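Participant: the following comprises the amino acid sequence and a computationally predicted model.
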Amino acid sequence: MSPETPSLSNARGAPLDGAAREQCRLWYEQHGEAVYNYVRFQVAEPDVAEDLVADTFVRAIGASRRYDEARGGPRGWLLAIARNLLHDYRRRSRVRRYVPIGTLGDLVEDGPSPEERLLRREEVGRLLDALGTLNDSDRELVSLRYGSGLDGSEVAELLGISEGMVRTRLWRALKRLKAALKELE
């Protein structure tokens, strides 16, 4: 993901005021990685993911006056915006549901040596291949919980379902993911 904050203007193309720019910068620094990881789990091309993340923050700033902290934190709000943009993107482009592992070279990896990085890349590859076999609903749930780091209550709030339902659906999705991983071995 690009380290620069997206270019900011409102829907009419007019520059945003300093306070709105500062709010966007702070949200981007605090939540940009979580939003990117969520989106990146869902699309095959890194450039598309970066565009969707930038659009998320531009849309959030355009609606920043309507943001109500009492209804939830900014990360959940930003992920809801990203989720809507992702649905719009899929509807417009009819993107394949499978994300090929070869296109995911931009995932950040922590490994002290090249050998460990290679092993980790292979593990991540197998995991992403297995994720590609899941349906959209399961992949979205896993992406929100583990890609974006939301806890169960935040996922429940974002999806509009109960926390118990999140736990049940996540348990089932992880069971299917585990089965898919075994098939790929």
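Facilitator: Everything's here; your move. Owing to the predicted nature of the structure, the values given are computational and were not obtained by experimental measurement.
Participant: tell me how far the helix or strand harbouring residue 85 lies from the chain's centre.
Facilitator: Per DSSP states H and E, residue 85 falls inside helix 74-93. Distance, stretch centre to chain centre, for helix 74-93: 9 Å (Cα atoms, centre = their mean, to the nearest Å).
Participant: do the same with stretch 157-166
Facilitator: Centroid separation for stretch 157-166 versus its chain: 17 Å, with Cα atoms, centre = their mean.
Participant: straight-line length of it, end to end?
Facilitator: End-to-end distance of stretch 157-166: 10 Å, with Cα to Cα, to the nearest Å as the criterion.
Participant: just stretch 150-163 next, same as before
Facilitator: Between the start and the finish of stretch 150-163 there is a gap of 12 Å, counting by Cα to Cα.
Participant: who's in contact with that stretch?
Facilitator: Outside stretch 150-163, the residues within contact range by Cβ atoms under 8 Å, 6 or more residues apart in numbering are 34, 72-73, 75-76, 79-80, 83, 141, 144-145, 165-167, 169-170. Just so you know, the C-beta spots here come from the backbone N, C-alpha and C atoms, and that holds for glycine as well.
Participant: rounded mean pLDDT for it, please.
Facilitator: Per-residue pLDDT over stretch 150-163 has a mean of 91.
Participant: closest to residue 45 out of the contacts of stretch 150-163?
Facilitator: Nearest to residue 45 among these is residue 83, at 18.2 Å by Cβ to Cβ.
Participant: what is the burial count for residue 178?
Facilitator: By other Cβ atoms under 10 Å, the residues close to residue 178 number 11.
Participant: picking that back up, so for the helix holding residue 85, mean pLDDT?
Facilitator: Per-residue scores along helix 74-93 average to 88.
Participant: ok, residues contacting that helix?
Facilitator: Counting by Cβ under 8 Å, 6+ apart, the neighbours of helix 74-93 from elsewhere in the structure are 27, 30-31, 34-35, 38-39, 42-43, 48, 52-53, 55-57, 59-60, 63, 67, 71, 95, 140, 144, 148, 150, 154, 157-158.
Participant: what's the first helix or strand after it?
Facilitator: Sequence-wise, the next helix or strand downstream of helix 74-93 (DSSP H and E) is helix 114-133.
Participant: could you say what helices and strands that following helix packs with?
Facilitator: With contacts defined as 3 or more Cβ pairs under 8 Å, 6 or more residues apart in numbering; DSSP states H and E, the secondary structure elements packing on helix 114-133 are helix 136-142, helix 163-184.
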